[in-house]
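Colleague: My questions concern the predicted model and sequence given below.
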2 protein chains.
Amino acid sequence: MASVIELSAARGSSEPILLSDRIRNALTDEITSGDLPPGTALDEQLLADRFGASRTPVREALRQLAASGLIEARPRRGMIVTRLTTERIMNMFEAMAEIEAMCVRLAAYRMTPLERAHLMGLHAASQAMVASNDVDAYDTLNRALHEGIYHATHNDFLAEQAMATRVRLNAFRRTQLREGGRIVRSREEHDGVISAIAECDGELAARRMRSHILNAANAFSNYISTHAPNTI
Amino acid sequence: MASVIELSAARGSSEPILLSDRIRNALTDEITSGDLPPGTALDEQLLADRFGASRTPVREALRQLAASGLIEARPRRGMIVTRLTTERIMNMFEAMAEIEAMCVRLAAYRMTPLERAHLMGLHAASQAMVASNDVDAYDTLNRALHEGIYHATHNDFLAEQAMATRVRLNAFRRTQLREGGRIVRSREEHDGVISAIAECDGELAARRMRSHILNAANAFSNYISTHAPNTI
DNA sequence: GATGATTTGTACGTATGTATA
DNA sequence: ATATACATACGTACAAATCAT
């Protein structure tokens, strides 16, 4: 549970100055990490007490989260962490698959040699994480790789859209990596994408990326039905 | 300028009950219609007076608009209607082209016969608007056609994403229809998309849709450089 | 560069509407 | 079905920061 101390810790100068922004960021982390599971009620007064603030900045933080879709506002009935149906999660994975495919296609044609080298370096480094089966470290590199691809589209708007969708799927992406052997296949799929990028074949990279994300979606679906059929 | 009367006008029961939502909707309309041009400062007190409310619901409306990207929040310096560079608008058009292409591809494979008939009906009706060069009426039908395609993906999340992006491009889409002869070519391009849908060829429909939106982007670019080179 | 005016950010009180007993 | 409890939605007041002069 995030503490007031953690909130007031000194950060880089680019960090938000506004209380409401800090609260929003803290809540975003807790929701996407699964710390605040779907369906959790978000009481304004309780959150205000927890963060050592008044209800006003908490309200503003909640409003922003509601606009981003992470939490759900039911007028005069409070806010809850968005409870997603399996169908909607699969819809989100499908949309993510298409968005990622579009990004990697554009990126393959537009990235600079430096950007290409950066991506290949990240991919090479991930080998070690697979060998040691370190899910958290692999997830971090995985994230950097995908974000590097967004950036290499040289289309900031598209990159932001992709990031926003990715954040909303965060908790579920991490879940599926736990499925047996998924992490190994995930890297194999990356390998296919990266080699297509190396050959500047955007169409091939896009098809492989789409499959990659849809495979992740399937892994998630399997994981849920095996480990926790009734939690969503 | 929207009045208090307009705000308090009776609406359907599905309309928002919250004051902040009504203010947000009113401002959304004014921004996307170009009534509030980019760069306009949004004074909280002034808006509160205009809408006959206090600053609190106005602030909440502004926060939501900021989250959707329609306005920009500069901490302690107020909000302004997002001022977009030509480059960013083109980036948005490019993203829109890809999203629309993805939607129509999925839609072509998944739509029901009823949905297909609906789309073809809309397209047929638009012929008359082109003949009379009625830009507003054509724009309305155009909108219905594209939204029908989103819906026919049978992926609500994707449809919502597409709609959100579309709203943010609203003012610019309308602008480009004014470019000489664009409305005629727009319908011709629709014709190609619709016939691909009729043949259930999603890939072809996607390529044609992508071209269609990129053509709109070009038309916009031409219109700007011809009519108002320095307004953005 | 300093000072005043304006505007945002925050706090808190009140009332309305929802949910529950 | 009625009443009670409670959380949100809104209004108002104060504080802090920005910008104009």
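Modeller: On my side now, so go ahead.

Colleague: Return the residues of chain A in contact with chain B.
Modeller: By the rule C-beta under 8 Å from any C-beta of the partner chain, the part of chain A lying against chain B is A:16-18, A:21, A:59-60, A:63-64, A:66-68, A:75-76, A:88, A:91-92, A:94-95, A:98-99, A:102, A:155-158, A:161, A:165. In this view, the C-beta of every residue, glycine as well, is placed from N, C-alpha and C.

Colleague: The residue in chain A positioned nearest to chain B: neighbouring residues, count only.
Modeller: Relative to chain B, the nearest point of chain A is A:Ala67 (3.4 Å; C-beta to the nearest C-beta). Here the number of neighbours of A:Ala67 (other C-beta atoms under 10 Å in any protein chain shown) works out to 18.

Colleague: Could you say which helix or strand holds it?
Modeller: helix A:55-68 (DSSP states H and E).

Colleague: before we move on, what about A:Glu72?
Modeller: Here A:Glu72 is assigned to strand A:71-74, by DSSP H and E.

Colleague: Then A:Met79?
Modeller: Residue-wise, A:Met79 maps onto strand A:78-81 under DSSP H and E.

Colleague: And the helices in chain A?
Modeller: Ranges of helices in chain A, per DSSP state H, are A:4-8, A:19-32, A:44-51, A:55-68, A:86-110, A:113-131, A:135-152, A:156-177, A:182-198, A:202-227.

Colleague: isn't A:Met163 right up against A:Tyr150?
Modeller: Yes - look at A:Met163 against A:Tyr150 with C-beta atoms under 8 Å: they come within range, at 6.3 Å.

Colleague: quick one, which of these two is more surrounded?
Modeller: A:Tyr150 (22 against 14).

Colleague: show me the contacts for the more buried one.
Modeller: Neighbouring residues of A:Tyr150 by C-beta atoms under 8 Å, 6 or more residues apart in numbering or on different chains: A:103, A:107, A:158-159, A:162-163.

Colleague: repeat that for 7 Å
Modeller: A:103, A:159, A:162-163 (C-beta atoms under 7 Å, 6 or more residues apart in numbering or on different chains).

Colleague: Tell me the strands beside the strand holding A:Met79, with direction?
Modeller: Here strand A:78-81 is paired, per DSSP bridges, with strand A:41-42 (antiparallel), strand A:71-74 (antiparallel).

Colleague: May I see the buried residues of that strand?
Modeller: A:79-81 (16 or more other C-beta atoms under 10 Å in any protein chain shown).

Colleague: hmm, back to that, now tabulate the strands paired with strand A:78-81 in a markdown table and tack on mean neighbour count.
Modeller: Putting the strands paired with strand A:78-81 into a markdown table (neighbours: other C-beta atoms under 10 Å in any protein chain shown) gives the following:
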| stretch | mean neighbour count |
| --- | --- |
| strand A:41-42 | 16 |
| strand A:71-74 | 18 |
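
Colleague: For those, which has the smallest mean pLDDT value?
Modeller: The weakest mean pLDDT among the strands paired with strand A:78-81 belongs to strand A:71-74, with a mean of 86.

Colleague: So what touches it?
Modeller: A:42, A:62, A:65-66, A:79-82.

Colleague: anything in that strand near DNA strand D?
Modeller: Yes - judged by C-beta under 7 Å from any atom of the strand, strand A:71-74 and DNA strand D are in contact via A:Ala73.

Colleague: again, but for stretch A:32-40
Modeller: No - applying C-beta under 7 Å from any atom of the strand, one finds stretch A:32-40 separated from DNA strand D by no less than 11.6 Å.

Colleague: Enumerate every residue touching the nearest residue to A:Leu214 once chain neighbours are set aside.
Modeller: Distances taken as C-beta to C-beta, 6 or more residues apart in numbering or on different chains put A:Ala97 closest to A:Leu214, at 5.1 Å, once the chain neighbours are dropped. Contact analysis of A:Ala97 by C-beta under 7 Å, 6+ apart lists A:210, A:213-214.

Colleague: so what are the domain limits for chain A?
Modeller: A:4-81, A:86-227 (automatic domain parsing).

Colleague: Straight-line length of the longest one, end to end?
Modeller: Going back to what we said before, that points to domain A:86-227. With C-alpha to C-alpha, to the nearest Å applied, domain A:86-227 spans 14 Å between its terminal residues.

Colleague: try stretch A:39-48
Modeller: Termini of stretch A:39-48 sit 19 Å apart (C-alpha to C-alpha).

Colleague: quick one: contacts of that stretch?
Modeller: A:54-55, A:58-59, A:62, A:71, A:78-81, A:83.

Colleague: which parts of that stretch are buried?
Modeller: Buried, per 16+ other C-beta under 10 Å, within stretch A:39-48: A:40, A:42, A:44, A:47-48.

Colleague: Adding distance to B:Ser33, write those out as JSON lines.
Modeller: Output for the buried residues of stretch A:39-48, formatted as JSON lines (distance: C-beta to C-beta, whole Å):
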{"residue": "A:Thr40", "distance to B:Ser33": "39"}
{"residue": "A:Leu42", "distance to B:Ser33": "34"}
{"residue": "A:Glu44", "distance to B:Ser33": "34"}
{"residue": "A:Leu47", "distance to B:Ser33": "37"}
{"residue": "A:Ala48", "distance to B:Ser33": "38"}
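
Colleague: Just flag the most distant two among those.
Modeller: Farthest pair in these (C-beta to C-beta) is A:Thr40 and A:Ala48. Separation: 16.2 Å.

Colleague: Quick one: low-confidence residue ranges for chain A.
Modeller: Filtered on pLDDT under 70, chain A yields the residue ranges A:1-17, A:228-232.

Colleague: And for A:Arg210, nearest residue in space, chain neighbours not counted?
Modeller: A:Ala101 (4.2 Å).

Colleague: Determine the number of other residues adjacent to the one you found.
Modeller: Other residues within reach of A:Ala101, judged by other C-beta under 10 Å, total 25.
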